[in-house]
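Colleague: give me a model of this one.
(3 chains)
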Amino acid sequence: FLQKDGLQCHGLEVENAPSFSVGKKFQLEDVIEAQQFDRDILSAIFEVARKMEKIEKNSPGSQILKGYLMATLFYEPSTRTRLSFESAMKRLGGEVLTTENAREFSSAAKGETLEDTIRTVEGYSDIIVMRHFESGAARRAAATAGIPVINAGDGPGQHPTQALLDVYTIEREVGKLDGIKVALVGDLANGRTVRSLAYLLAKYQDVKIYFVSPDVVKMKDDIKDYLTSRGVEWEESADLKEVASNCDVVYQTRIQKERFGERIDLYKKARGKYIVDQAVMDVMQKDAVVLHPLPRLDEITVDVDRDPRAAYFRQAKNGLYIRMALLKLLLLGW
Amino acid sequence: FLQKDGLQCHGLEVENAPSFSVGKKFQLEDVIEAQQFDRDILSAIFEVARKMEKIEKNSPGSQILKGYLMATLFYEPSTRTRLSFESAMKRLGGEVLTTENAREFSSAAKGETLEDTIRTVEGYSDIIVMRHFESGAARRAAATAGIPVINAGDGPGQHPTQALLDVYTIEREVGKLDGIKVALVGDLANGRTVRSLAYLLAKYQDVKIYFVSPDVVKMKDDIKDYLTSRGVEWEESADLKEVASNCDVVYQTRIQKERFGERIDLYKKARGKYIVDQAVMDVMQKDAVVLHPLPRLDEITVDVDRDPRAAYFRQAKNGLYIRMALLKLLLLGW
Amino acid sequence: FLQKDGLQCHGLEVENAPSFSVGKKFQLEDVIEAQQFDRDILSAIFEVARKMEKIEKNSPGSQILKGYLMATLFYEPSTRTRLSFESAMKRLGGEVLTTENAREFSSAAKGETLEDTIRTVEGYSDIIVMRHFESGAARRAAATAGIPVINAGDGPGQHPTQALLDVYTIEREVGKLDGIKVALVGDLANGRTVRSLAYLLAKYQDVKIYFVSPDVVKMKDDIKDYLTSRGVEWEESADLKEVASNCDVVYQTRIQKERFGERIDLYKKARGKYIVDQAVMDVMQKDAVVLHPLPRLDEITVDVDRDPRAAYFRQAKNGLYIRMALLKLLLLGW
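Modeller: Here you go, the predicted model:
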């Protein structure tokens, strides 16, 4: 998904310096999965995202993507993600074609293959942002399309822009990525968010990860094995307060009711077990932050919102900057 | 909802003069309910709406809202209202993010609070136009958002932009608001439109209101008591022709079938009782007008459309100008 | 639908020359049905479509429709057609108001007539593109609206922009329209596409049409009689290979399952009967092409896609140029 043209990989020691000198170029072709990014590319994307923060605040009428057309091809609805991408495109002067419910409304219902749909839609637009219900759909779309494709979530598979905005938020809030301690809390079995995040954190040095989750939704072995193979320290804990007192980041997630089927009893038990409330905030460090991919139910109590360390709405906003950066990189290059 | 900065309230005697001298300012922050407006503010909004008529007709490429992004957050579909707002924004050069069916498609379905949704959406846009199925939802959204919120209808509660366009239309068509005689006809029990209109008309002098409705959908006592307390004359009548011959405005409304449940017999009886047809037009005054908030079924017969006093499609168009005016006032100020 | 102002009909002998000299004008008012176009107007539309190809490729930021607003009023969803029109409008700098599912969401559900809806929507936009489930709806809309209406398909009735793009594609791919041999294959009973195409081809000289279809979905007599009355040669054949070896254009179509009701056995038998696969391609002439209105199931095998004579995705793209041309002609004139 990535073509490097004169890319100089500086290695880990220059993590916080710009990874690309003037004259060095790289070219993103598609955004399909979190694993496609290495540290240098993450660093470059984050550098562009910072510029996007300035553009959004100071030049509301930016027109750098004027004349470009983005097709939002959503096979399952996701208003938050869709609005975030469409806002990103429009904040840069681009235009949008929207399909909010392509599964039900489009030719897919008549049996058309995804590949045929992509071949048609690429004739109408310059970039495709696709949400799909099947794992691997984004990769198939990218293999077909002659224009860039961004995966906005494909079923139980990947949601790479969420992973990017999570890591970007940690760097913005904590100031570093090497050496951080991160608690992943809640539904670790079903959340693709925490799985992708664990994967990306493994690219940094001296990271320590704590898993805090009800037994029925524990982190699966594949991620644990991966972290171990990469030399990333991790441990499981049942004591949220102790972990919280020790971490730079508490990343809370929603227990996903839809995965419990008829076992509502198990769901209710799991849902109430680890709540981030004022008592947890009281033991957290002064510079630590609470993140959450949203939507939130009651796993973070509403009174926590007033605490400056509650960073989850800033995190949602960072999704806008990351998506502006990706659109810019995919359409205009570095 | 309103901050006045140097606003000079001239009082009633200058009703038809511009209410705000040069240098005088007022700042609308949100549009939540009809009651928030006084005569002066109504007058100022109408003055801007007149300018918007000229812009729409003469400068189709107006760009005064270029770079601004409006989020249309509709928890229940209302194509007419949504298109009217989106047209207003685009006629002024602004851009739009649309959610046509937020109730089913968004995080609300997963249990997210309205407040959390608003905190996310305000990060992606400059103004929120919200339609909701719960009374009071707009007020809650405005209390949360740091950007302006316009209520595009919240359940049985308020639909203030409809009330504004109704009063604006009366002023444009009749030439005055003080001293007018208005017949409110049809479903007076369930129509929030006629209730808001009665409320706003009470702000003007020497207004006389006639209620003409089937017994099952009579105007409720709260509005009657309110009018009485404000010194507004009103009476109920069962004789549409006599009332029509006497009024400046006949405001017809649709009998709302959905409120009758299984009593289809009652609905049918009520629906046929007061029809504005050629016979009614024949007794109306030469300068009187017929209004209707639309959609219309058969409570105004189609042959009436050709009569120049049939003002309901002009009324719908005025909705565009009022919404252009509100967007301008909320985003750019007076 | 057509006002000619100084239009000089050159007749058939100048088919490939521009039909309109400088100073000659014609004015399209609405696009309702394929039959409204004669050869000269088709030729003029195609000439503008060619210019649109250049604009789309070389001037991505064209602004010739800046300030114009198109309302996409779809009473039944059709993502492909809708995106094609919206892309066309945005490629020319225009703006769009979208209703993807007007039947369920709009005032139509409350019983409003199409005419009343049109009278409202025309107040918010400059041109209406309408898809409807009832034959004749587009004509009713055009009769009501004071702004141009384009029929984007009205039930079993017409889909004129598809017919235009089909003929345009044949001219672009084969280089001529007079003297061509065209095979219409598949569901000839239910496909409005092949019916409209047959109708338009009858306007050209020395055209020969072959019908190749399962018995249950044969071309109906009205079209056969029409062709005969116009002196167009046609024949039915059960041998796809022999016909294909002889034609300039093989126009394949999908067997429409939804028309078979519970007779799934008949559907399955019909669906497998005439497939365009490599064996068919092997007998086709070097300069012949395969067309398909899409979506395609398995009536053209996927391996055919790689053949340069597989023109169906170029055909879909031509839909964009035809729609850009129509929007330009309807809003700005010739």
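Colleague: quick one: least confident helix or strand in chain A?
Modeller: Among the helices and strands of chain A, strand A:2-5 carries the lowest confidence by mean pLDDT, DSSP states H and E, at a mean of 41.
Colleague: can you give me the helices in the stretch 51-200 of chain A?
Modeller: Secondary structure of the stretch 51-200 of chain A by DSSP state H, counting those that start in this stretch: the helices cover A:79-91, A:102-105, A:114-121, A:137-144, A:160-174, A:192-201.
Colleague: and the residue sitting nearest the centre point of chain A, what does it touch?
Modeller: Using CA atoms, centre = their mean, the residue of chain A that lies closest to the mean C-alpha position is residue A:162, 1.3 Å off. Going by CB atoms under 8 Å, 6 or more residues apart in numbering or on different chains, residue A:162 touches A:81, A:153, A:193, A:196, A:293, A:319. Where you see a C-beta, it was placed from the backbone N, CA and C, and this is true even at glycine.
Colleague: swap the cut-off to 10 Å and go again
Modeller: By CB atoms under 10 Å, 6 or more residues apart in numbering or on different chains, the residues touching residue A:162 are A:34, A:81, A:84, A:152-153, A:192-193, A:196-197, A:293-294, A:315, A:319, A:322.
Colleague: now residue A:79
Modeller: By CB under 10 Å, 6+ apart, the residues touching residue A:79 are A:100, B:73, B:97-102, B:104-109, B:117, B:120-121.
Colleague: grab the nearest non-local neighbour of residue A:331.
Modeller: Leaving aside its chain neighbours, residue A:331 sits nearest to residue A:68 (5.5 Å; criterion: CB to CB, 6 or more residues apart in numbering or on different chains).
Colleague: just the pLDDT for that neighbour.
Modeller: We have a pLDDT of 97 for residue A:68.
Colleague: now residue A:11
Modeller: 32.
Colleague: ditto for residue A:284
Modeller: 98.
Colleague: look up the closest residue to it, ignoring the ones flanking it.
Modeller: Excluding its sequence neighbours, the residue lying closest to residue A:284 (CB to CB, 6+ apart) is residue A:244, at 5.1 Å.
Colleague: separation between that neighbour and chain B?
Modeller: According to CB to the nearest CB, to the nearest Å, residue A:244 and chain B sit 22 Å apart.
Colleague: hmm, that residue is touching residue A:182, no?
Modeller: No - between residue A:244 and residue A:182 there is no contact under CB atoms under 10 Å: 11.2 Å.
Colleague: now do the shared contacts for those two.
Modeller: Going by CB under 10 Å, 6+ apart, residues that sit against residue A:244 and also against residue A:182 are A:210, A:250.
Colleague: count of residues packed around the residue of the stretch 151-300 of chain A found nearest chain C?
Modeller: In the stretch 151-300 of chain A, the residue that lies nearest chain C is residue A:152 (16.8 Å; CB to the nearest CB). Using other CB atoms under 10 Å in any protein chain shown, the number of residues around residue A:152 comes to 26.
Colleague: kindly report the residues of the stretch 101-250 of chain A close to chain B.
Modeller: Contact residues, the stretch 101-250 of chain A versus chain B (CB under 10 Å from any CB of the partner chain): residue A:101.
Colleague: of all the residues in the stretch 101-250 of chain A, which ones are close to chain C?
Modeller: A:101-102, A:104-113, A:115-117, A:119-126.
Colleague: ok, of the residues you listed, which come out buried?
Modeller: With neighbours counted by 16 or more other CB atoms under 10 Å in any protein chain shown, those contain buried members at A:101-102, A:105-108, A:112-113, A:116-117, A:119-126.
Colleague: quick one: contacts for the residue lying closest to residue A:118 once chain neighbours are set aside?
Modeller: Excluding the flanking residues, the one nearest residue A:118 by CB to CB, 6+ apart is residue A:144, at 4.6 Å. Residues in contact with residue A:144, defined by CB under 10 Å, 6+ apart, are A:113-119, A:122, A:128.
Colleague: as TSV, these with distance to residue C:213 and pLDDT would be great.
Modeller: Compiled in TSV, those are given as follows (distance: CB to CB, whole Å; pLDDT from 0 to 100):
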residue	distance to residue C:213	pLDDT
A:113	24	94
A:114	29	95
A:115	27	96
A:116	22	95
A:117	26	95
A:118	30	96
A:119	26	96
A:122	31	97
A:128	35	98
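Colleague: from these, pick the one nearest chain B.
Modeller: Nearest to chain B among these, with distances taken as CB to the nearest CB, is residue A:128, at 18.3 Å.
Colleague: tell me which residues form a beta bridge with the closest one?
Modeller: residue A:71, residue A:149 (DSSP bridges).
Colleague: thought residue A:142 was touching it, still the case?
Modeller: Yes - at 8.8 Å, residue A:128 counts as touching residue A:142 under the criterion of CB under 10 Å.
Colleague: quick one, which of the two is more surrounded?
Modeller: residue A:128 (27 against 21).
Colleague: where's the more buried one relative to residue B:326, distance?
Modeller: Shown here: residue A:128 relative to residue B:326, a distance of 35 Å by CB to CB, to the nearest Å.
Colleague: go on, residue A:330?
Modeller: Relative to residue B:326, and taking CB to CB, residue A:330 is found at 37 Å.
Colleague: what's the answer for residue A:284, then?
Modeller: When residue A:284 is compared with residue B:326 (using CB to CB), they lie 44 Å apart.
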